[in-house]
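*Asks:* need the 3D shape of this:
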Amino acid sequence: MADACALSLFTASFSLALISVIITLWILLYLFRKDPLVLWGHSISDQWVLFCLVGVSVLAVWACDMVENLVIGFGVGCLVCGLHAVFRKLDGLYLEEDDAVCYGLVHCFGSSS
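*Replies:* Next up, the predicted model:
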């Protein structure tokens, strides 16, 4: 299955190039930038940079026709998280204070042990 995913990335070279450019823009303009962005002598606030990057990212997802894949992936992720929450066993997750003292996990300064 991983081979098919890798092969689909190489066959969709436009999508791969566009997403690579978007990721590079996010890294350079939002993650690694320390000083305010200055274009043509005007300082641009972080909120505008974030707004523009989100807009460009949404346009790229729409242009690459990945909306359906993202919705399906989000739905599957929510389903997996929900199933994990339903079937998770909580027995033995919490430890009583007396048991913690008996097992030596908590030390009482007033005790003689």
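
*Asks:* ok, residues contacting the longest helix anywhere in the chain?
*Replies:* Longest helix in the chain, counting residues (DSSP state H): helix 67-87. With contacts defined as CB atoms under 8 Å, 6 or more residues apart in numbering, helix 67-87 is touched by Val61. C-beta coordinates here come from the backbone N, C-alpha and C atoms, glycine included.

*Asks:* and Val38, which of the three is it?
*Replies:* Here Val38 is strand, with the state taken from DSSP: H, G, I helix; E, B strand; the rest coil.

*Asks:* now Leu70: how far from Lys89?
*Replies:* As judged by CB to CB, to the nearest Å, Leu70 and Lys89 stand 32 Å apart.

*Asks:* out of the two, which sits in the busier spot?
*Replies:* Leu70 (10 against 6; other CB atoms under 10 Å).

*Asks:* can you give me the strands for the protein?
*Replies:* According to DSSP state E, the chain carries its strands in the segments 37-39, 42-44.

*Asks:* give the buried residues for the first one.
*Replies:* By 16 or more other CB atoms under 10 Å, strand 37-39 has no buried positions at all.

*Asks:* repeat that for stretch 18-31.
*Replies:* By neighbour count on 16+ other CB under 10 Å, the buried set for stretch 18-31 is Leu18, Ile19, Ile22, Leu25, Trp26, Leu29.

*Asks:* any idea of the mean pLDDT in that stretch?
*Replies:* Stretch 18-31 shows a mean pLDDT of 82 in the predicted model.

*Asks:* show me the contacts for Trp40.
*Replies:* By CB under 8 Å, 6+ apart, Trp40 has no neighbours at all.
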